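Undergrad: Need the 3D shape of this:
(chains A and B)
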Amino acid sequence: MTEKKNRREFIKTTAATTVGVIGGLGLISSRALADTAIKTINANAKSLDMKNVKMLKRGGERRMVMPDGSLKTRKQILSQLGFDPNTPPDAWLAGCGGGCGSNASGLDMRARERLMKRGFKFQGNELIGVPMK
Amino acid sequence: MIRLSSFTILSHPLPDQNTVLMNGYSGALDIIQPELAAFFRKIIKNAPRGQAFFEEDILSNETLSILLERGHLTQSAHNEEKLLVDEIGRGLHEMEKKRPYFMIVPNMDCNYRCTYCFERHLQKNLNNKSSNINYHKNNVVMTPEMVPRIFSGIENIQKNAGCNQGGMINLYGGEPLDLKNKRLLDFIFKLGADKGYWFVAISNGHHLNSFLPVIRTNTLRKVQVTIDGPRHIHDKTRIHRGGASSFDRIFENINKVLAAEGKVDIRVHVSPQNINQFEAVLGLFEKEGWTNNEAVIIYANTLYRKDDGGKVCVDLQTSDISLYLDQLVGNYNNVFTSAPAVHIAQDIAAVFEKGDRFSLKGAYCGANFGHYIFAPDENIYVCWESIGKENSKIGHYRSKDGPIFNQAMVEKWFNRSVSDIEDCLECEFALICGGGCAQYAQYNTSLSNKPYCNDFQRTFELALADEVARRWDYLQNAGIDYQSNTLIQQGGI
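TA: I've put the predicted structure just below:
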């Protein structure tokens, strides 16, 4: 109910805004807006291409956009789901025999062996322990 | 339908009633006419955040194309813009981490007892055997044997950050330039200069006359001193322990520093009790030749204090000070109504001089990317607001093998960027303010991943208008015609 109400409120507000902007601009003359002039101060500053931002990346923890618009790190999402936020990504992998490519989280035997050499522990196909630093 | 960027900033009106339109991540600054500014204000006010849509045929194609190119209008969704700001903040923060800043505190005691000093708790306990820093422990003033270890620590940190040895070191206290520690200071200056460092100092200014030789050699390049009003006001708040008038002494010393070709920042603390004296004190500065003087910066600033609940507060908001003093500073090119206004003037320089974007930041100050304060108790602190306090201690330099850091504390302080503060990512000022003071945020919320906004937004809107008007006037007086779309191309600045 609340969600529906919020959505209704949002639609009402947006509609009111659009009418306010398009229908009547109040004291703002539409001619003045059409004829408005802009003086640029710093010509070298332009809108950023989203792709270019990758150049700025220097590590740091990535975040994901949540359905409510908030940005959350992997740790925050795990905590929210009630999991240990320090669980390494590898812990979600289950070992499987070589040749199975259908399981996106599948770990082939060679990768499993490599992990075991690094101190990871498996019980059957399930990862049950990670090396302590 | 087209959308106004969620990171749109509109300045306070300029003297000609136009407005500066700024984008908080493209760093673009354009001057727009009152009607367009009023239109943008209206849609920002009426639409939910991130939903400022309007029909594009209201504007001419030329205007639309300029606004799109500059990032003021966008076809991206609100969340995409937010993600972009998050990415930019992170990238900037990583770059900032490669520029460590250093501060040496030779002395935690002070020959002044200013009525509002935030280090009072520390100074009151300097003779208390149970306090962390006291005369019985002999850790109030640095000893000469600490100095080489400090420089070696600084070199170490610079090397690890991948930057060159040398650069600026800030001297801070207590009172850093106390005459009784002259021998220690001479050693610091000598060793620092030999290794390629130069110094600035935040001082009460009482003994500056004893440090003129290092000013002449450009080893001590700049000092910040404080004058709180005309003599009868100043001497009541800036109290010399020997009873002498601190006002007379500081005035005299500023002139001596300037004669030695040093630079001086004069901070004027403004409170409800003395704000009406600002004009009078400015008159005194003018008489001395300090206004419109390239070697001097004069700025008003509010006084921060803690309320009974330990939260940081002010009696006068910075933006209110700006509004009150605005008319008084217009005639001077080196007088500012607040510390943020000084920073904005510095950050905007490249905008006017090279046409570059407004300087953006990923974190508020060095405490959030690499500020190392070497104190006489042989500890390394991160924030000058909290020297001597556990929460600011990130390591020590007691070992001959170099500084030892507490990694958990280092990460806590140096990993705070706007991208880590959820509230900031919804704020159009995020990459300009950097999240505000981490220490104040912690005092007020017990959390460091919260912003400390104070009234930065309003202060910025005022300061942006002031600074653009000031520079615009300068261009006009210089005979540069700016009646075209592109100032830089036409003016060739």
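Undergrad: I'd say residue B:154 and residue B:102 touch.
TA: Yes. Assessed by CB atoms under 8 Å, residue B:154 is found in contact with residue B:102 at 5.2 Å. Glycine gets a C-beta too; all of them are placed from N, C-alpha and C.
Undergrad: hey, what's in contact with both of the two?
TA: Listed as contacting both residue B:154 and residue B:102 by CB atoms under 8 Å, 6 or more residues apart in numbering or on different chains are B:169, B:372, B:374.
Undergrad: In PyMOL, select just the buried ones from those residues.
TA: To isolate the buried ones among the shared contacts of residue B:154 and residue B:102 in PyMOL, judged by 16 or more other CB atoms under 10 Å in any protein chain shown, type:
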select buried, chain B and resi 169+372+374
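Undergrad: Please, which helix or strand holds the closest residue to chain A within chain B?
TA: In chain B, the residue found nearest to chain A is residue B:91; the distance is 2.6 Å by CB to the nearest CB. Under the criterion of DSSP states H and E, residue B:91 resides in helix B:78-96.
Undergrad: Also residue B:21?
TA: Applying DSSP H and E, one finds residue B:21 within strand B:19-23.
Undergrad: quick one on the thing from earlier: so for the helix holding residue B:91, what's the average pLDDT?
TA: For helix B:78-96, the mean pLDDT works out to 91.
Undergrad: And the next helix or strand past it?
TA: Heading C-terminal from helix B:78-96 (DSSP H and E), you reach strand B:101-104.
Undergrad: what's in contact with that next one?
TA: B:142, B:150, B:154, B:157, B:167-172, B:176, B:188, B:366, B:370-374, B:384.
Undergrad: Can you flag which of the residues you listed belong to strands?
TA: Within the contacts of strand B:101-104, residues falling in strands by DSSP state E are B:167, B:168, B:169, B:170, B:171, B:371, B:372, B:373, B:374.
Undergrad: surely residue B:126 meets residue B:136?
TA: No. The criterion here is CB under 8 Å, and residue B:126 misses it with residue B:136 at 9.4 Å.
Undergrad: Which of these two has more residues huddled nearby?
TA: residue B:126 (18 against 12; other CB atoms under 10 Å in any protein chain shown).
Undergrad: Report the secondary structure state of the more buried one.
TA: Applying DSSP: H, G, I helix; E, B strand; the rest coil to residue B:126 yields a three-state assignment of coil.
Undergrad: ok, now the one 3 residues further on?
TA: What three-state DSSP gives for residue B:129 is coil.
Undergrad: Quick check: it touching residue B:135?
TA: No. Checked against CB under 8 Å, the pair residue B:129 and residue B:135 is beyond contact range at 9.2 Å.
Undergrad: who's more crowded, these two?
TA: Ranked by neighbour count (other CB under 10 Å), residue B:129 and residue B:135 place residue B:135 first, with 15 against 9.
Undergrad: for the longest helix seen in chain B, packing partners?
TA: The residue-count maximum for a helix in chain B (DSSP state H) belongs to helix B:456-477. Counting contacts by 3 or more CB pairs under 8 Å, 6 or more residues apart in numbering or on different chains; DSSP states H and E, helix B:456-477 is packed against strand B:8-10, strand B:19-23, helix B:318-329, helix B:339-347, helix B:430-433.
Undergrad: Many thanks, I have nothing further to ask.
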